[in-house]
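Visitor: output the structure for:
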Amino acid sequence: MKKIFAVFMLMTLVLAGSLTFAGCASVVPGAWTKLKVDGGLVVYTANMYSSGGPAIVYYENPDDATGDRYYVNCAISISFYPRIMGKDERNGENTTIVDLSEKQAMSFSVSKTSEIYSPDKSVYLNGEKLTPETNGSSDGEYLKIMFFDNLKLKRGNPGGHENNVINVIEYK
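Guide: Below is the predicted model of the structure:
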């Protein structure tokens with residue numbers, strides 16, 4: 001009887017342990033995202049939160065991508081909310097992985113002193129023109145900041161399996 005009880009207890013512990021670790025195996029939904037521009041230099045950072053700096057930075061002149069606060073000299077900077085999960089290479093292209101486990105938002109800043117800026121241009125996600133929110137957006141003398149809430153990013157790892165989908169942001 002003691003052997004049966006011991007085997008039963010061992011099986012219970014193994015089952016409980018496997019159920020506990022099975023919960024740890026969940027995959028954070030992510031969206032591989034890139035900025036598409038002609039020329040210049042696009043840098044994908046590992047700044048998980050916007051407080052650490054932007055996730056994607058574009059320089060018209062690659063020499064501007066230097067120094068401790070390199071993103072100050074950029075033409076475009078993009079941050080995602082609540083966070084990114086890092087930078088990655090997908091299909092030979094540099095990307096940033098946006099965390100989709102919560103509602104996603106994005107700030108898109110463009111320097112009005114850059115050659116890429118035009119008051120007639122808009123931000124596009126996967127070919128669809130985005131409408132900036134009035135809260136969080138501003139149009140200053142030197143910088144235009146557009147805030148987009150409820151982004152419709154396509155997941156790149158449904159069911160935990162990567163599918164090579166890359167979300168494309170454009171300013172045109």
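Visitor: which of the residues in stretch 96-116 are buried?
Guide: Buried positions in stretch 96-116, judged by neighbour count with 16 or more other CB atoms under 10 Å: 96-100, 104-111, 114, 116. Placement of C-beta: from N, CA and C, glycine included.
Visitor: and which of those is nearest to Tyr124?
Guide: Phe108 (10.5 Å; CB to CB).
Visitor: find the nearest non-adjacent residue to that closest one, please.
Guide: Met146 (4.7 Å; CB to CB, 6 or more residues apart in numbering).
Visitor: give me phi/psi at Ile166?
Guide: phi -120, psi 130 (degrees, to the nearest 10).
Visitor: now the closest residue to it other than its chain neighbours: how far from Ser50?
Guide: In space, Ile166 comes closest to Trp32 once its chain neighbours are excluded; the distance is 5.0 Å by CB to CB, 6+ apart. With the distance defined as CB to CB, to the nearest Å, Trp32 ends up 19 Å from Ser50.
Visitor: so what's the residue count around the closest residue to Val43 other than its chain neighbours?
Guide: Counting by CB to CB, 6+ apart, Val43 lies nearest to Val57, which is 4.6 Å off, once chain neighbours are set aside. Val57 sits with 26 neighbouring residues when counted by other CB atoms under 10 Å.
Visitor: again with Lys87
Guide: Lys87: 17 surrounding residues under other CB under 10 Å.
Visitor: who's it bridged to?
Guide: Thr96 (DSSP bridges).
Visitor: so who does it touch?
Guide: With contact taken as CB atoms under 8 Å, 6 or more residues apart in numbering, Lys87 is in contact with Tyr44, Thr45, Ala46, Asn94, Thr95, Thr96, Ile97.
Visitor: try it again with 6 Å
Guide: With contact set as CB atoms under 6 Å, 6 or more residues apart in numbering, Lys87 has these partners: Tyr44, Ala46, Thr96.
Visitor: from those, which is closest to Cys74?
Guide: Of these, the one sitting nearest to Cys74 (CB to CB) turns out to be Tyr44, at 12.6 Å.
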